[in-house]
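# 3D model of this:
(2 chains)
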Amino acid sequence: AQKVTQAQTEISVVEKEDVTLDCVYETRDTTYYLFWYKQPPSGELVFLIRRNSFDEQNEISGRYSWNFQKSTSSFNFTITASQVVDSAVYFCALSESNNNDMRFGAGTRLTVKP
Amino acid sequence: DVKVTQSSRYLVKRTGEKVFLECVQDMDHENMFWYRQDPGLGLRLIYFSYDVKMKEKGDIPEGYSVSREKKERFSLILESASTNQTSMYLCASRPGGITDTQYFGPGTRLTVL
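Numbers count the residues shown, from 1 in each chain, chains lettered A, B, ... in the order given. A predicted model of the protein is given here:
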């Protein structure tokens, strides 16, 4: 079975603070893929990043960075110098090589206050 | 850009009504998905389709059926709507296998009274 846990239900920060969204996953598969999506108030999920289980290199894209650690089964997402436009619900998701679907975490609602 | 559209953003129906939620994608994707999103539960897969007329049950198919007569269109059907089906419904499409990302529509917020 596959499972994704996002323990933080809601996070509130003030603009320019750094914030980390946690994601812990469970899988027995050796080949799997991890994703992060952003859901702004408009409702449409927007793809942010995909990582496969063989690539543990951390990735940085502008103010966004991702820390993938197989040893702790975690794929955490950090926003540096947060902005009001970062306010959204963020979902972590997992796909296994022998499953056609994707498992989502419960999501973390991030509020960035001016 | 991939475009996934859903027929309605907001829908209000009565208990017992038959409800159709339509989803259309314009990028010739093989796979299409229906999820429902509820607070604290994330997205849960209802059904998915990997080809025309092909479908597979997801985690919560009870009370729902689907139809995929054309590649670009994937319909979710609530045969007899109930209040516990009040939710946000999200459609997604994916070009190929699990390494590909899913592209989501804007969602339909359904209220069943």
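
# if I pick the closest residue to A:E26 other than its chain neighbours, what's in contact with it?
Excluding the flanking residues, the one nearest A:E26 by Cβ to Cβ, 6 or more residues apart in numbering or on different chains is A:K3, at 4.3 Å. Bear in mind the C-beta positions are built from the backbone N, C-alpha and C, glycine included. By Cβ atoms under 8 Å, 6 or more residues apart in numbering or on different chains, the contact list for A:K3 reads A:25-27, A:94, A:103.

# The same query, at a cut-off of 7 Å, please.
Residues near A:K3 by Cβ atoms under 7 Å, 6 or more residues apart in numbering or on different chains: A:25-26, A:103.

# Which of those are buried? Put it as a PyMOL command.
In PyMOL, a selection of the buried entries from the contacts of A:K3 looks like this (16 or more other Cβ atoms under 10 Å in any protein chain shown):
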select buried, chain A and resi 25+103
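
# now, which of the contacts of A:K3 lie within strands?
Judged by DSSP state E, strands contain the following of the contacts of A:K3: A:25-26, A:103.

# and which of these is nearest chain B?
Checking the ones in strands among the contacts of A:K3 against chain B with Cβ to the nearest Cβ, the nearest one is A:R103 at 8.2 Å.

# Could you list the buried residues of stretch A:70-82?
A:73-79, A:82.

# Output the residues you listed as TSV; include the columns pLDDT, distance to chain B and secondary structure.
Below are the buried residues of stretch A:70-82 laid out as TSV (pLDDT from 0 to 100; distance: Cβ to the nearest Cβ, whole Å; DSSP: H, G, I helix; E, B strand; the rest coil):
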residue	pLDDT	distance to chain B	secondary structure
A:S73	95	18	coil
A:S74	96	17	strand
A:F75	96	15	strand
A:N76	96	17	strand
A:F77	96	15	strand
A:T78	96	21	strand
A:I79	96	20	strand
A:S82	96	22	coil
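
# Longest strand in chain B, please.
Chain B, longest strand under DSSP E: strand B:42-51.

# Near chain A, which residues of chain B are found?
B:40-43, B:45, B:48, B:50, B:58, B:90, B:98-99, B:101-102, B:104-107 (Cβ under 7 Å from any Cβ of the partner chain).

# ok, now with 6 Å
Within chain B, the residues that sit near chain A (Cβ under 6 Å from any Cβ of the partner chain) are B:40, B:42-43, B:45, B:98-99, B:101, B:104, B:106-107.

# In terms of helices and strands, where is the residue nearest to A:D55 when sequence neighbours are not counted?
In this structure, A:D55 finds its nearest non-sequential neighbour in A:F68, 7.5 Å apart by Cβ to Cβ, 6+ apart. In this assignment (DSSP states H and E), A:F68 forms part of strand A:64-69.

# mean confidence score for that strand?
Average pLDDT, strand A:64-69: 94.

# So what are the sheet partners of that strand and their directions?
Partner strands for strand A:64-69, per DSSP bridges, with pairing direction: strand A:59-61 (antiparallel), strand A:74-79 (antiparallel).

# so how far is the helix or strand encompassing A:V4 from its chain's centroid?
According to DSSP H and E, A:V4 maps onto strand A:3-5. Distance of strand A:3-5 from the chain centroid (Cα atoms, centre = their mean, to the nearest Å) equals 11 Å.

# cool, stretch A:89-107 as well?
Using Cα atoms, centre = their mean, the offset of stretch A:89-107 from its chain centre is 10 Å.

# what's the span of it, first residue to last?
End-to-end span of stretch A:89-107 (Cα to Cα, to the nearest Å): 6 Å.

# try stretch A:7-24
Calculated as Cα to Cα, the first-to-last residue distance of stretch A:7-24 is 8 Å.

# Before I go, just wanted to say thanks for your time.
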